[in-house]
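1. can you look at this prediction? I've put the sequence above it.
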Amino acid sequence: MVTNLSEAPSLVSNWVSELREVNIQKDRMRFRRNLERIGEVAAFEISKQLESSILDVQTPLGIHKSMLFKQQPVVSTILRAGVPMHQGLLNYFDKADSAFLCAYRKHNEDGGFEIKLEYMSCPDLTNRDMIICDPMLATGASLVKSIDFLKTAGQFKSLHIVCAIASKFGIKKVQTTFPEAKIWCGDIDETLSDKGYIIPGLGDAGDLAFGEKIQH
């Protein structure tokens, strides 16, 4: 299942347009906040698909039968670009556990790249609802490797992927590898550049959110 949150005009389509706009991008706080907002909307939509049970809740005047989650999800992200979206998800899933991964592209002299994974911190993921966010789903290579890495900590009950912008290529890559995944996109773009960047995309989400980095 793939959901494009900008398929119809909405607040999300407006926030995504601000993420793309080169002049608005100069405001890092606004850029981070728009990623956070998309995470919040995705959290609300995902919440409708989590298992719930009816429990008695005591009010000052009686008992109400309320629908409550059977368990809290695990919200994960790939450092560093995913941090604002992760915060947006946590704003709504405020009782959730968290998982963090360090994954990055290491570019080669021939113009290609390989994905490096060097760190993971997470709880036992066995039979948990997993939500992983990464602002840009481009080739899908880093996301697929990250999910495989997370699966070493247990097999998920469900898998939700949240991104600000996805390419059709990246979506197909993820669906081929994880057909059970539900993908929630702020928007979907058609193509990738020769170097694997989304076109028209928005640039480097990590640099725009936190400043340019020196690759070591």
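-> The structure has been received and is ready for your questions.

2. contacting residues for the residue nearest to the spatial centre of the chain?
-> Against the mean C-alpha coordinate of the chain, by C-alpha atoms, centre = their mean, the closest residue is residue 133 at 1.6 Å. Contacts here follow C-beta atoms under 8 Å, 6 or more residues apart in numbering; on that basis residue 133 touches 39, 42, 75, 76, 77, 82, 85, 86, 89, 161, 162, 163. For every residue, glycine as well, the C-beta is placed using N, CA and C.

3. what about residue 175, distance to residue 41?
-> Separation of residue 175 from residue 41 (C-beta to C-beta, to the nearest Å): 22 Å.

4. so between the two, which is more surrounded?
-> Neighbours were counted for residue 175 and for residue 41 using other C-beta atoms under 10 Å; residue 41 has more, 19 against 15.

5. could you say what helices and strands the helix or strand where that one lies packs with?
-> Applying DSSP states H and E as the criterion places residue 41 in helix 28-47. Here helix 28-47 touches helix 11-20, helix 83-92, strand 129-133, strand 158-167, strand 182-189, helix 205-210, going by 3 or more C-beta pairs under 8 Å, 6 or more residues apart in numbering; DSSP states H and E.

6. what lines up beside the next helix or strand after that helix in the sheet?
-> Counting by DSSP H and E, the element after helix 28-47 in chain order, helix or strand, is strand 52-59. Paired neighbours of strand 52-59 in the sheet (DSSP bridges): strand 62-69 (antiparallel).

7. list the buried ones in the strand it pairs with?
-> Within strand 62-69, no residue counts as buried by 16 or more other C-beta atoms under 10 Å.

8. quick one: strands adjacent to the helix or strand just after it?
-> Sequence order places strand 74-79 as the next helix or strand after strand 62-69, per DSSP H and E. Strand 74-79 has its sheet partners listed here by DSSP bridges as strand 97-107 (parallel), strand 129-133 (parallel).

9. okay if I get those strands as CSV plus distance to residue 152?
-> Output for the strands paired with strand 74-79, formatted as CSV (distance: least, C-beta to C-beta, whole Å):
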stretch, distance to residue 152
strand 97-107, 11
strand 129-133, 13
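
10. ranking the ones you listed by burial, who's on top?
-> Most buried of these by mean neighbour count (mean count of other C-beta atoms under 10 Å) is strand 129-133; its value is a mean of 26.

11. ok, residue 14 - how many residues close by?
-> Per other C-beta under 10 Å, the neighbour tally for residue 14 reads 12.

12. pLDDT below threshold where in this protein?
-> Within the chain, the ranges that satisfy pLDDT under 70 run 104-113, 214-216.

13. which one in this structure is furthest away from the centre?
-> Distance to the chain centre peaks in the chain at residue 61, reaching 40.8 Å (criterion: C-alpha atoms, centre = their mean).

14. show me what contacts that one?
-> Contact analysis of residue 61 by C-beta under 8 Å, 6+ apart lists nothing.

15. roughly how far apart are residue 58 and residue 52?
-> The value you get for residue 58 to residue 52, if C-beta to C-beta is used, is 18 Å.
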